[in-house]
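Participant: here you go, sequence then predicted model.
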Amino acid sequence: MERLLSADKVPLYERLAEEIALQVRQGTFRPGERVPSVRQISQQKNLSITTVLRAYQMLETRGVIEARPQSGYYVRIPPRPTIPEPEISNPLPDPSQVNIAELVMRVMRDSLDQRLVQFGAAIPDPNLLPIKRLNRILASIARNDQIPQNLCGEPKGLEELRVQVAQRAYLSGCPLTPEDVIITSGATEAISLALRVICRPGDLVAVESPTYFGILQILESLGLRTLEIPTHSRTGLSLGALRFALDNHPVKACLFVPNFNNPLGSLMPSANKRELVEMLAEREIPLIEDDIYGELFFSGQRPEVAKAYDRKDLVVLCSSFSKDISPSLRVGWVAPGRFKAELERLKMATNMCTSLLPQLAVAQFLASGGYDHHMRRMRRAYADKVAQMAQAVARYFPEGTRVTNPLGGHVLWVQLPSKVDSLILYRQALKVGITLAPGYIFSPTTRYKNFIRLNAAYMDARAERAVLRLGELAERLAN
């Protein structure tokens, strides 16, 4: 006989629904987390499948849980509390020298300290990476002696991997061939090689504002100047501002992240990408496109790359597998367009080639067919984590706070009240076991001193308590 019988004659499915709803309210099952399956509840409670299904349908109607095809039932993430997004950025109109290396090194060292809640470096959640699968592949490669003896490989990289990269690129609207691709040691090397081929020390490079501090570090190391272009947190780069900049400054190259800019998470519409490429083609100005977050979209189709509109081979497309497969393997790639021959020679002169073992592992993982399933799981998880962190910021941070609403990636850009200095907040947060990325490192100027970037990849119950603590620290600085 089924349990949960009572004298008040409340139907069993209603009692079960209320029991699960109570568990949700009390935090046993949190927003975005999977609740027990229908079969598990049926067996544990000694209830019929029909009774459990009716309870879950009631919870769906009440907005407590939601069904996900071929995955199960999850606690529904409630609508985000009303909080405005940051306005379009307003950087200084003149070129700048970059000098952020010391602060960046401090933030990156924080990522090695396992005692800290990791909101600083934009490192992926290791629990979402296919680490066990990669370890099995690496072990198989070693057992079967698949690494060529006495060979380090050619500069352009392993053919099997270049084939896989070209196949993935086709889904982003970019019909590459394996011969168009050069494998690099991460996206950082890809971008650095592209800049070294196109620019000379002292040249001017246009970047989004704010932009990823790793890009600024590369520019600093090469002695290049930056010209910041206003960028909107939703639609990305201001094309009007870029056109004005190109007409008034000797820009040698542009370095942009059209798909889910870090730290804004902005996504440039397709029409804007086309206009951007055409604008630069008219002036014969190369575009270095960083698409490292392009696969981490939350819904719909994979956004196309700007290079999909390239008709003059002026777009240098760079990416890596650090955010979706493994940051430790350091496998990236570049499609250099008209700069291929020179970039390949520079790659050979720099480090001969990218290590073969990581290339083999990534190539086999992609060819096995497990990548798409893995990415669906990762995208759902990051969509939930980003939404949860944004809600926590809205609840716990001081009045006047603004936060982005990205459609991909796993970072949030938070604008704090003007009195809050992000460097002071960073130092205070370290004392209570939390690391974050202060806004100073996302611009060659101090334009973003009251901004912080938060990595949502690690968002869980412990991280929510850390967001609460950060909000308390920010509140004190704001008053």
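Facilitator: All right, it came through fine. Residues are numbered from 1 along each chain as shown.
Participant: any weak-confidence spans in the protein?
Facilitator: The model of the chain has pLDDT under 70 over residues 1-9, 78-82, 145-152.
Participant: got the buried residues for whichever helix in the chain runs longest?
Facilitator: Ranked by residue count, the top helix of the chain under DSSP state H comes out as helix 371-396. For helix 371-396, a neighbour-count test (16 or more other CB atoms under 10 Å) marks 371, 374-375, 378-394, 396 as buried. No exception for glycine: its C-beta is placed from N, CA and C like everyone else's.
Participant: same question, stretch 212-229
Facilitator: Quick answer for stretch 212-229 (16+ other CB under 10 Å): 212-220, 222, 224-229.
Participant: what about it, start to end distance?
Facilitator: Stretch 212-229 stretches 13 Å from its first residue to its last (CA to CA, to the nearest Å).
Participant: ok now that stretch, how far from the chain's centre?
Facilitator: 20 Å (CA atoms, centre = their mean, to the nearest Å).
Participant: same deal with stretch 29-45?
Facilitator: 30 Å.
Participant: kindly export it (C-alpha atoms) in PDB.
Facilitator: Provided in PDB are the C-alpha atoms of stretch 29-45 (Å, rounded to 0.1, in the frame of the first residue of the first chain):
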ATOM      1  CA  PHE A  29      17.400  21.200  -3.400                       C
ATOM      2  CA  ARG A  30      18.700  24.500  -4.800                       C
ATOM      3  CA  PRO A  31      17.800  26.400  -8.000                       C
ATOM      4  CA  GLY A  32      19.300  24.600 -11.000                       C
ATOM      5  CA  GLU A  33      19.900  21.300  -9.200                       C
ATOM      6  CA  ARG A  34      18.400  18.000 -10.200                       C
ATOM      7  CA  VAL A  35      15.700  16.600  -8.000                       C
ATOM      8  CA  PRO A  36      15.300  12.800  -7.600                       C
ATOM      9  CA  SER A  37      13.900  11.000 -10.600                       C
ATOM     10  CA  VAL A  38      10.300   9.800 -10.800                       C
ATOM     11  CA  ARG A  39      11.500   6.200 -10.400                       C
ATOM     12  CA  GLN A  40      13.700   7.000  -7.400                       C
ATOM     13  CA  ILE A  41      10.800   8.700  -5.600                       C
ATOM     14  CA  SER A  42       8.400   5.900  -6.600                       C
ATOM     15  CA  GLN A  43      10.700   3.300  -5.000                       C
ATOM     16  CA  GLN A  44      11.700   5.300  -2.000                       C
ATOM     17  CA  LYS A  45       8.200   6.400  -1.100                       C
END
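Participant: show residues contacting that stretch.
Facilitator: 2-4, 16, 20, 23-24, 47-49, 51-53, 55-56, 65, 71-78, 381, 384-385, 387-388, 391, 461 (CB atoms under 8 Å, 6 or more residues apart in numbering).
Participant: how about stretch 105-120?
Facilitator: Identification of contacts with stretch 105-120 by CB under 8 Å, 6+ apart yields 121, 123, 213, 426, 430, 433-438, 441, 454-455, 457-458, 462-463, 466, 470.
Participant: of the residues you listed, which belong to strands?
Facilitator: 434-435, 437-438, 454-455 (DSSP state E).
Participant: good, we can wrap up now.
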